[in-house]
Structures are given as structure tokens and as C-alpha cells.
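1. Could you work out the structure for the sequence below:
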Amino acid sequence: MGASPLADRLDVIDVVNRYATALDARDWDLLDLVFAPDVKAEFGRTCAGCEAVKELVRGMLGGCGPTQHLLANHRVEVAGDEASCISSVRAFHAGRGPVEGQTYELFGEYHDRLRRTGAGWRIASRRMVVLHELGTRAVLRG
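-> Predicted structure coming up:
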């Protein structure tokens, strides 16, 4: 069992926000502090395992210049050593190289299930729901 309901809630939000920090900094190793080793994730494509998630997001951001992933409106529910969090996301991607000057932006939600581990909260499953898109997805290709 965790410290307190408020501490658990804040820890869950910190883990979810850490994902955005890792992507924008291109700090792929930081994702080890976000996802459980056996995570199941759906970002339009489904993958399993933290290494597979790293490979997927690294590939999607391969054609990008600067990015900014903003997360807000976290709806967190904690039940013992399991939690759920739905977060609003606005992600901006600027192109580089052959797609320089083009952008891709999405508005959506992350639907996460988390579990408490010996190393803290980790996302065990994530589903991204895209609600609206602007620009071109070509920016996401390396």
C-alpha cells in the first residue's frame, strides 16, 4: 500500500508527465522510469514491452525537429497498487530536413493503467486516443 491517497495521485501524475519530458528531451532511457518492462501500448500501432515502446516513439519522432507534449486535466483513480489516469494531451511537432517548415499537431488523450512496483509507479498499459489533428503526419517519419 502507498503513502497516502494524495501522494499516490501526485506520483501517478509525475510518471505520466515524465513521458512528455522524455520525448521532448529525446531522453529514451528516461522511459524506463515511465513504463513497466511488460507494458502494452497502442499509439495507432500496438506494441509490447518498454523497449518496443522506446523504438516506436524514437522512430515516430525521427523526422521531427522540436516537439512539445503538453499533458493536463489528469483524471486519476488509485485502488491499492493499481491506478488509472486519463490525461489530455496536446502534442506539437516541427519538421526538419525534407519536412522542415511543416508541422503536425494533435489533440487527444492518454488512457493509462498503472501499477505500483518496488521502484515506484509505472505505466502497465497505455492507449492513445487522437481527437483532432492539424498539419501533416509526414513530420513523424524519420
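
2. which non-adjacent residue is nearest the residue at minimal distance from the centre of the chain?
-> When Cα atoms, centre = their mean is applied to the chain, the residue found nearest the centroid is Tyr19 (4.6 Å). Nearest residue to Tyr19, sequence neighbours excluded (Cβ to Cβ, 6 or more residues apart in numbering): Val34, at 4.8 Å. In this view, the C-beta of every residue, glycine as well, is placed from N, C-alpha and C.

3. Please list all residues in contact with the one you found.
-> Contact analysis of Val34 by Cβ atoms under 8 Å, 6 or more residues apart in numbering lists 15-16, 18-19, 22, 122-123.

4. Now do it, the pLDDT please.
-> Note on Val34: pLDDT of 98.

5. likewise Gly63?
-> 76.

6. For it, give me phi and psi.
-> phi -90, psi 0 (degrees, to the nearest 10).

7. So Phe107 lies in a strand, does it not?
-> Yes: under DSSP: H, G, I helix; E, B strand; the rest coil, Phe107 falls within a strand.

8. Next, count neighbours for Tyr104.
-> Tyr104 has 21 neighbours, counted by other Cβ atoms under 10 Å.

9. my bad, should have said Glu82
-> 13.

10. Contacts only, for it.
-> 113-116.

11. out of those, which is most surrounded?
-> Leu114 (28 neighbours).
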